[in-house]
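1. After the sequence you'll find the predicted model.
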Amino acid sequence: MVPGLNYFDFQQTAVVVLSEDLKVLTLNSAAENLFGISANRLCGRKLGWAWLNIEDYQQIFLNVATQLQPMSQHDVVVDLAGGVKRHCGISATPVEQQTGTEILLEFDHQEAPSSVVRDSELRALQQISDGMLRGFAHEVKNPLGGLRGAAQLLARELPNDELKEYTNVIIAEADRLGNLVNRMLTPNAEPEMVAVNIHQILDRIYALVSVELPDRVALTTDYDPSIPNIMGDPELLIQGVLNVVRNAQQALVEAGGYGQIVLRTRVRRNMTIGHQRHRLVAQLDVVDDGPGVPEQLREQIFYPLITGRAEGSGLGLPIAQSLINQQGGVINFTSSPGHTVFSIFLTLEGET
């Protein structure tokens, strides 16, 4: 280790290390920027000296130190001097040292408030969306049959098998959507939950979306290969995630047709989805560098027919939320100009 070098400074996220009594032992440059105070002034003091409403969350940190279990909390408000508020997600990890237990805090700072969908909102959204989805499914069922039939006729006229690969994709997608529609129209249909490799789902989505993207929109992946299988319904997962990715795609196209979309997977520890606490969950992020969700739409973005785009239907995200909810998951998002993240949280095999 190089003397005097704070290795946390190489991290873009804000990092603070606390003692068991919540005194600041060290912090990195990103944390100095977050709290608006230098490490020289903050080290040795209790974090509450800078984080004025820490009492709202300090029991979480004390539990981490006593139970030696990492915890995470999103939509945390950090009140600072002068009426400044920061909105963050926080991960707290116990680190056992010879002198006692230290608490490693990592702050995921968002410029805009984290839009977390609450349980009551989810129930209301589910009721509204379910009725509209059944009507939507009924309307698209017949056109899907026509699309499939036209693709079959076209395939018979094509001169070689290489060209038929394209019609095969159309037929396969029409079959997938047709099956999804039939399940939507079946009363009280339950998801067919199985162990699923989330990266195989994402690779399928990558293949579907990459052929649609303009040349100046890049689609990349950032996978955590250690993530175990999740529990989900493959058809519902594909459609739910696909809707979120296409939402990002359309936002970039309408903003000028250039930018980047990243499909990122991580594991989150000790997170509550609905009323169920999970030791581990899978987090799938769809990240784009577009203009962001308009502020006036952020509270209603998952409601049907709410859209900020001239050509938008206002159905893609509500359908995605409904499909993910049916599998015991949830979609949250954070957004600011140049950085929007839709996070899909799903339970892992053996964690339900």
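-> Cool, got the structure.
2. residue ranges for the strands of the stretch 151-300 of the chain, please.
-> Applying DSSP state E, counting those that start in this stretch to the stretch 151-300 of the chain gives strands spanning 194-196, 217-222, 230-232, 259-273, 276-288.
3. Looking at these, which is nearest to residue 79?
-> Residue 79 lies closest to strand 259-273 among the strands of the stretch 151-300 of the chain, at 23.1 Å (C-beta to C-beta). All C-beta atoms are positioned from the backbone trio N, CA, C, and that covers glycine.
4. Could I get the buried residue list for the closest one?
-> 259, 261-265, 268, 270-271, 273 (16 or more other C-beta atoms under 10 Å).
5. can you list contacts of stretch 220-228?
-> Residues from elsewhere that reach stretch 220-228 (C-beta atoms under 8 Å, 6 or more residues apart in numbering): 198-199, 202, 206, 260-267, 282, 348-350.
6. of all those residues, which two lie farthest apart?
-> Maximum pairwise distance in the contacts of stretch 220-228, criterion C-beta to C-beta, is 34.2 Å, between 260 and 350.
7. returning to what we had before: kindly indicate which of the contacts of stretch 220-228 lies nearest residue 293.
-> residue 261 (14.9 Å).
8. any weak-confidence spans in the protein?
-> Scanning the chain for pLDDT under 70 picks out 1-12, 109-139, 141, 180-189, 274-275, 305-314, 351-352.
9. go with 80
-> Applying pLDDT under 80 to the chain flags residues 1-13, 74-75, 109-145, 161, 175-190, 257, 269-277, 298-316, 349-352.
10. where along this structure do the helices fall?
-> Assigned by DSSP state H, the helices in the chain fall at 29-35, 39-42, 58-67, 119-157, 161-184, 198-210, 234-254, 316-325.
11. Any idea which of the ones you listed gets closest to residue 292?
-> helix 234-254 (8.3 Å).
12. So which bits of the closest one are buried?
-> Here helix 234-254 shows 234-253 as buried, counting by 16+ other C-beta under 10 Å.
13. can you check stretch 344-352 too?
-> Residues 344-348 are the ones in stretch 344-352 that count as buried (16+ other C-beta under 10 Å).
14. In JSON lines: those, plus distance to residue 152.
-> Listed next are those as JSON lines, based on distance: C-beta to C-beta, whole Å:
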{"residue": "344", "distance to residue 152": "34"}
{"residue": "345", "distance to residue 152": "39"}
{"residue": "346", "distance to residue 152": "35"}
{"residue": "347", "distance to residue 152": "39"}
{"residue": "348", "distance to residue 152": "40"}
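15. which one of the contacts of stretch 220-228 is nearest residue 216?
-> residue 260 (9.7 Å).
16. hey, what's the closest one bridged with?
-> Following DSSP bridges, residue 260 is listed with bridge partners residue 218.
17. just to revisit the earlier point, can you list the strands of the stretch 151-300 of the chain in TSV and add distance to residue 20?
-> Below are the strands of the stretch 151-300 of the chain laid out as TSV (distance: least, C-beta to C-beta, whole Å):
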stretch	distance to residue 20
strand 194-196	39
strand 217-222	35
strand 230-232	35
strand 259-273	19
strand 276-288	23
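18. Nearest to residue 333, out of these?
-> Closest among the strands of the stretch 151-300 of the chain, using C-beta to C-beta: strand 276-288, at 9.0 Å.
19. C-alpha coordinates for that closest one, CSV please?
-> Below are the C-alpha coordinates for strand 276-288, written out as CSV (Å, rounded to 0.1, in the frame of the first residue of the first chain):
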residue,chain,number,x,y,z
GLN,A,276,-40.7,-9.7,1.5
ARG,A,277,-37.1,-9.3,2.7
HIS,A,278,-34.5,-11.0,0.6
ARG,A,279,-30.9,-11.7,1.5
LEU,A,280,-29.9,-11.5,-2.1
VAL,A,281,-31.6,-10.2,-5.2
ALA,A,282,-30.5,-9.7,-8.8
GLN,A,283,-30.4,-6.2,-10.1
LEU,A,284,-30.7,-5.6,-13.8
ASP,A,285,-30.0,-2.0,-14.9
VAL,A,286,-30.9,-0.5,-18.2
VAL,A,287,-28.7,2.7,-18.4
ASP,A,288,-28.9,5.3,-21.1
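20. That one pairs with which strands, and in what direction?
-> Strand 276-288 is paired, per DSSP bridges, with strand 259-273 (antiparallel), strand 339-347 (antiparallel).
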